[in-house]
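Visitor: Quick one: sequence plus predicted model below, questions after.
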Amino acid sequence: MLIPTSFIKLPSVNGCYNNNVVMGGTATQLAAGLAQLSHCKFLGEAHYQVGHSTYYEGYSAIFKTGARLSNSGVIKSNYKSYEYNFLYQSTARSVRLALLITYAAQRDTSIPDIICVLRSTAGNTYTGTILDEGIQFLNLSAHQSQTAPDEVAFTGCTLIDAPTNVTPTAVVRPLYVPSLNRGELLNINVTVNDVAISGVHIYDVFEVEVTP
C-alpha cells in the first residue's frame, strides 16, 4: 500500500484496550499509522562537528579574532590530506544517504577535493567491504575573503538507483546502501585534499511514498 504523508491520528484508546477485539476501520488506522512510522518517521541522521580550525592563524594572532582562510591563507599540513571515518547507524529503511559537509579549502599546488565512500563495519574495522564506491567533490571553492563563512558541499537528495561506478564518481549524488546492509552500522569514509572540514551531516533521504 502507499504510505500517506499527512498526519495520521491513531484510534481512540477506548477501543484498543487489552483483550478487546479490533477490526475494520480501527485495524486499518493502526496499520496505516504503523506503516507511516516505519517508512517516514523513523529516518536516521547523524551530525559530526570536526575540531579543525578553518581560520587563518596569522590574522588571528594580530587581531585576536578568527578570520576565514583566503587563497593566501594556510591550512595546517595535517588537515590537507586526511582520512576520516564517520559511523552511521542505518535503519531497515535506509536506502540513500545524503551528505552535507562544511569546509574551508585552499587552492595550492593541487585542486581541493573531497572523496566519500561507503564501507561496511563488519569485523569492527574501518577498512571493511566497500558498499558504494562513492563520490568526489571536485574543484572545490577556495575562500576568497578572510571573513567568508565556511563553504558547503551537498550531495543532493536524488532518488538514485543502485550505482554501478567502480571509482568515486564526479557526478555528485547520495550514497547508496545495498539491501543486505540496511539496518547495519556503516562507515562513511571521507578523504580530503587541501581541505579542512568543520562538520559532516548525514541524513536518510526521505521518500514521500513507499510501496513495500
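Guide: Sure, I can see it. The model shown is predicted, which means the values in this text are computed figures rather than measured ones.

Visitor: This protein: strands as residue ranges?
Guide: Remark: strands assigned in the chain by DSSP state E are 45-49, 81-89, 96-105, 113-120, 130-137, 151-154, 175-176, 185-193, 195-204.

Visitor: Any idea which of those strands gets closest to A35?
Guide: strand 195-204 (16.6 Å; Cβ to Cβ). Yep, even glycine has a C-beta here, placed from its N, CA and C like the rest.

Visitor: Let me know the average pLDDT across the closest one.
Guide: Strand 195-204 carries an average pLDDT of 90.

Visitor: now it against strand 185-193, angle please.
Guide: 150 degrees (axes from the mean of the first three to the mean of the last three Cα atoms, to 10 degrees).

Visitor: in this protein, what spans have low per-residue confidence?
Guide: Within the chain, the segments meeting pLDDT under 70 span 1-25, 38-42, 52-80, 108-109, 142-149, 208-212.

Visitor: Could you list the domains of it?
Guide: 1-41, 43-204 (automatic domain parsing).

Visitor: residues touching Q136, list them.
Guide: By Cβ atoms under 8 Å, 6 or more residues apart in numbering, the contact set of Q136 is 113-116, 168-170.

Visitor: Rebuild the strands of the chain as CSV, extending it with distance to A35.
Guide: Listed next are the strands of the chain as CSV, based on distance: least, Cβ to Cβ, whole Å:
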stretch, distance to A35
strand 45-49, 21
strand 81-89, 22
strand 96-105, 20
strand 113-120, 27
strand 130-137, 27
strand 151-154, 30
strand 175-176, 23
strand 185-193, 25
strand 195-204, 17
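
Visitor: which one of these lies closest to G33?
Guide: Shortest distance between G33 and those, using Cβ to Cβ, is found for strand 195-204: 19.8 Å.

Visitor: Pull out the buried positions in the closest one.
Guide: Within strand 195-204, the residues that count as buried by 16 or more other Cβ atoms under 10 Å are 195-204.

Visitor: Over to stretch 95-105?
Guide: Across stretch 95-105, burial judged by 16+ other Cβ under 10 Å covers 95-99, 101-105.

Visitor: Spatially, which two of these are the most separated?
Guide: Taking every pair in these and measuring Cβ to Cβ, the maximum separation is 31.6 Å, between V95 and A104.

Visitor: can you count the residues close to E184?
Guide: Other residues lying near E184 total 20 when counted by other Cβ atoms under 10 Å.

Visitor: distance of it from T129?
Guide: 11 Å (Cβ to Cβ, to the nearest Å).

Visitor: quick revisit: among the contacts of Q136, which one lies nearest to E45?
Guide: C116 (16.1 Å).

Visitor: Contacts only, for the closest one.
Guide: 99, 134-137, 155, 168, 175, 188-190.

Visitor: Show me which helix runs longest in the chain.
Guide: Identified as the longest helix of the chain according to DSSP state H is helix 25-36.
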